[in-house]
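1. following is a predicted model, sequence given first.
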Amino acid sequence: MYLVIKIIGCILLVSATTLMGFKKAQRLYKRRDFINDFLVFLDTLATNIRYSTDELSIILSKSEDRFGKAIYGAYEKYDGTFFKKWKNAVADISDGYALKHEDKQLLCSFGEKLGITDVEGQLKHIELYKGLANAHLDDSKNEIKQKSRLYKTMGFFVGTAAALVII
């Protein structure tokens with residue numbers, strides 16, 4: 001009976017550590033998807049700024065992409081200047097996407113200068129941040145290549161090693 005409990009415990013241990021490895025790898029994919037959503041948002045925002053005469057908050061409220069909806073939903077909860085609302089919204093939504101500190105800084109600095117220049121200035125600002133976001137996207141893709149498989153296999157092997165020590 002004691003051996004059966006040990007084996008079941010070892011199986012649960014290996015399963016748990018393997019799952020932890022998969023969860024850690026999944027965070028890499030979430031970051032990549034978030035940056036892709038941000039790039040789609042930038043394209044949509046550039047089009048809306050170019051062809052719409054609406055205020056920036058109204059343009060955000062009409063956003064149909066995932067990033068735009070998420071940022072506007074968080075944006076509406078706060079009071080203050082546009083930048084203060086933007087910064088708080090970025091902090092709210094970034095927790096669920098495993099963003100690095102540099103990614104959060106990119107988003108905050110984007111919102112800091114958004115809406116304070118004329119249409120051409122805003123479009124140039126968006127183009128600049130599209131390039132910066134593409135660099136972050138390349139970084140996230142490289143991380144996925146380098147670390148995703150590592151996290152998955154390390155989770156399994158750490159659990160297996162611990163299970164062998166227990167037995």
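-> Here it is on my side, so go on. All figures in this text were calculated on a predicted structure; none of them were measured in a lab.
2. tell me the buried residues in the lowest-mean-pLDDT helix or strand in the chain?
-> In the chain, the helix or strand scored least confidently by mean pLDDT, DSSP states H and E is helix 66-75, which has a mean of 74. For helix 66-75, a neighbour-count test (16 or more other C-beta atoms under 10 Å) marks Arg66, Phe67, Gly68, Lys69, Ala70, Ile71, Tyr72, Ala74, Tyr75 as buried. (C-beta placed from N, C-alpha, C; glycine too.)
3. now the first one, nearest residue through space, not along the chain?
-> Leaving aside its chain neighbours, Arg66 sits nearest to Asp37 (4.7 Å; criterion: C-beta to C-beta, 6 or more residues apart in numbering).
4. look up how far Arg149 lies from the one you found.
-> 24 Å (C-beta to C-beta, to the nearest Å).
5. may I have the phi/psi pair for Tyr78?
-> In terms of degrees, to the nearest 10, the main-chain angles of Tyr78 are phi -110, psi 160.
6. which residues does it contact?
-> By C-beta atoms under 8 Å, 6 or more residues apart in numbering, Tyr78 lies in contact with Lys84, Lys85, Asn88, Ala89.
7. burial check on the third one, number of neighbours?
-> Around Asn88 sit 16 other residues, with neighbours defined as other C-beta atoms under 10 Å.
8. can you give me the helices in this protein?
-> For the chain, the helices defined by DSSP state H cover 2-51, 56-61, 66-75, 82-94, 101-113, 119-143, 149-166.
9. now Leu56: how far from Ser109?
-> Using C-beta to C-beta, Leu56 is found at 16 Å from Ser109.
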